[in-house]
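Novice: quick check, what structure comes out for this input:
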Amino acid sequence: MNKGLKRMGITLLFIMSLAIFAACGGNEEGNGKGDEGEASSKNGETITIRMANQVDEKNFLNQGYVKFKEIIEEKSDGQFQVEIYNGGTLVTSDEEIVESLKSGSIELSTSSAYGTANTTGVDALKLFDMPMLFDSREDAYELLDGEYGEGIKEQIEEKANVQVLGFIDLGFYGILNNDRSIEKPEDLKGLKIRTSAADLHLDTMSAMGGNPTPMAYSEVFTGLQQGTIDGVSTTTPLIYGDRFFEVSKNMTVTNQVFLPHVMMVNNDFYNGLSDELKTILEESVNEYVTYARELAVNAEEEAVQGMKDEGVNVVELTDEQRQAFKKAVEPVIEKHIDTVGKENYEKAIEQLEN
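Specialist: Numbering: from 1, shown residues only. Now for the predicted structure:
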């Protein structure tokens, strides 16, 4: 009898030990989040990355997102799954993209320099709205990929719940109109040109001789068609992609403003990844950035050639003609140096000249 009770007690203790061990093991993997947020990578659970933009699915920005999806899903053997919300279905402005990244409503996306600056308060990004500052894409990336860009990353990460992973671009601004060929600032006199409502853009167009006319982007085609505006200034690929050339037949590749995009990831999401998954994410971003930059170059070249093929009069400024536009916008730069920060501006100019 006593021996039977002892055997029964030993058996019960063994069963209870197994139950406790199983419970501890289940707690480590059950919700996919360990103390350091790494369990999701240990048990192989799918991790969703939501990305959002405002452009059509065929736009080269969205095509870049699709490429990123392909890269990271392949590198992670499907553990990362990317959902892309294009066409403004989830966000309706660049500022909203940044706010969504900060809150974690989306995990990863790009936003324009001005949208990011407006939302994070990082004035150094406003430099890229300065007119006629960059003679080439290489000049712009000399800043973004160098010390100036590192300073931007640090400031954004200090002020917002995001980390900056890299920089891409959507091209340079040009001017399309249906009235005349524009080869010098004086040619813009009297023309109502749609610009954004940003003070720098308004002042730049005024300084170049045009009459800046803010208008919702969705109304531009109709505005050109009906003569409410005479022209539009935005990136050359957008002018071509949105087929504004169908109702306006004079295009000048002024390249007065460069439009970078900042690629950011929600900080809580990033810190919740294992080191292995962080490496996969960063490697995927690096491949994406290289691809996206090439896409922008190709999109500009295709836009210029495409408009020529459609019978548009395309003016590509000579160095001498560009100097005339540069001189015209000098007062704008002086006026807005404090907007960018004098120290930021001087640091950028120093790096460009070295």
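Novice: so how far is the strand or helix carrying Lys335 off the chain centroid?
Specialist: Here Lys335 sits within helix 330-340, counting by DSSP states H and E. Put simply, helix 330-340 sits 24 Å off its chain's centre (C-alpha atoms, centre = their mean, to the nearest Å).
Novice: and what of stretch 127-147?
Specialist: With C-alpha atoms, centre = their mean, you get 15 Å for stretch 127-147.
Novice: what sits up against that stretch?
Specialist: The contact list for stretch 127-147 (C-beta atoms under 8 Å, 6 or more residues apart in numbering) reads 113-114, 149, 152, 167, 169, 172, 198, 200-201, 204, 207-208, 255-260, 293, 296-297, 322, 325-326, 329, 332-333, 336, 340, 344-345, 347-348, 351-352. The way it works is simple: take the backbone N, C-alpha and C, and place the C-beta from them, glycine included.
Novice: following the helix holding Lys335, which helix or strand comes up?
Specialist: Counting by DSSP H and E, the element after helix 330-340 in chain order, helix or strand, is helix 342-353.
Novice: tell me what angle that next one forms with helix 330-340.
Specialist: Comparing the axes of helix 342-353 and helix 330-340 via axes from the mean of the first three to the mean of the last three C-alpha atoms, to 10 degrees yields an angle of 120 degrees.
Novice: packing partners for helix 342-353?
Specialist: Judged by 3 or more C-beta pairs under 8 Å, 6 or more residues apart in numbering; DSSP states H and E, helix 342-353 is in contact with helix 137-144, helix 147-159.
Novice: residues of that helix that come out buried?
Specialist: Asn344, Tyr345, Lys347, Ala348, Leu352 (16 or more other C-beta atoms under 10 Å).
Novice: the stretch 251-354 of the chain: helices as residue ranges?
Specialist: According to DSSP state H, counting those that start in this stretch, the stretch 251-354 of the chain carries its helices in the segments 267-271, 275-309, 319-328, 330-340, 342-353.
Novice: and the angle from the last one to helix 137-144?
Specialist: Between helix 342-353 and helix 137-144, the angle formed by their directions is 130 degrees, by the same axes, to 10 degrees.
Novice: what's the average pLDDT for helix 342-353?
Specialist: Averaged across helix 342-353, the pLDDT comes to 92.
Novice: what number of residues lie near Lys153?
Specialist: Around Lys153 there are 18 other residues, counting by other C-beta atoms under 10 Å.
Novice: in contact with Ser111, which residues?
Specialist: By C-beta under 8 Å, 6+ apart, the neighbours of Ser111 are Asp94, Glu95, Ile97, Val98, Leu101, Thr119, His261, Val262, Met264.
Novice: distance of it relative to Glu316?
Specialist: Relative to Glu316, Ser111 is positioned 30 Å away (criterion: C-beta to C-beta, to the nearest Å).
Novice: tell me which element Leu202 falls in.
Specialist: helix 199-207.
Novice: relative to the whole chain's centre, how far out is that helix?
Specialist: For helix 199-207, the distance to the chain centre is 23 Å (C-alpha atoms, centre = their mean).
Novice: which residues touch the helix or strand following it?
Specialist: Downstream of helix 199-207, the next assigned helix or strand under DSSP H and E is strand 211-212. Applying C-beta under 8 Å, 6+ apart, the contact partners of strand 211-212 are Gly190, Leu191, Lys192, Ile193, Thr195, His201, Leu202, Met205, Ser206.
Novice: can you rerun that using 7 Å?
Specialist: Gly190, Leu191, Lys192, Ile193, Thr195, Leu202, Met205, Ser206 (C-beta atoms under 7 Å, 6 or more residues apart in numbering).
Novice: list buried residues within those.
Specialist: Here, 16+ other C-beta under 10 Å leaves Leu191, Lys192, Ile193, Thr195, Leu202, Met205, Ser206 buried among the contacts of strand 211-212.
Novice: tell me the one of these nearest Ile182?
Specialist: Leu191 (8.1 Å; C-beta to C-beta).
Novice: ok, the closest one touching Val232?
Specialist: No: the pair Leu191 and Val232 fails to qualify as a contact (C-beta atoms under 7 Å) at a distance of 10.6 Å.
Novice: returning to what we had before: would you turn the buried residues of helix 342-353 into a markdown table with distance to Thr48?
Specialist: Output for the buried residues of helix 342-353, formatted as a markdown table (distance: C-beta to C-beta, whole Å):
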| residue | distance to Thr48 |
| --- | --- |
| Asn344 | 37 |
| Tyr345 | 41 |
| Lys347 | 39 |
| Ala348 | 38 |
| Leu352 | 41 |
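Novice: that older thread, and the helix holding Leu202, what does it pack against?
Specialist: strand 211-212, helix 330-340 (3 or more C-beta pairs under 7 Å, 6 or more residues apart in numbering; DSSP states H and E).
Novice: for the first one, the distance to its chain's centre please.
Specialist: What it means is strand 211-212. Chain-centre distance of strand 211-212: 27 Å, with C-alpha atoms, centre = their mean.
Novice: all set, thanks.
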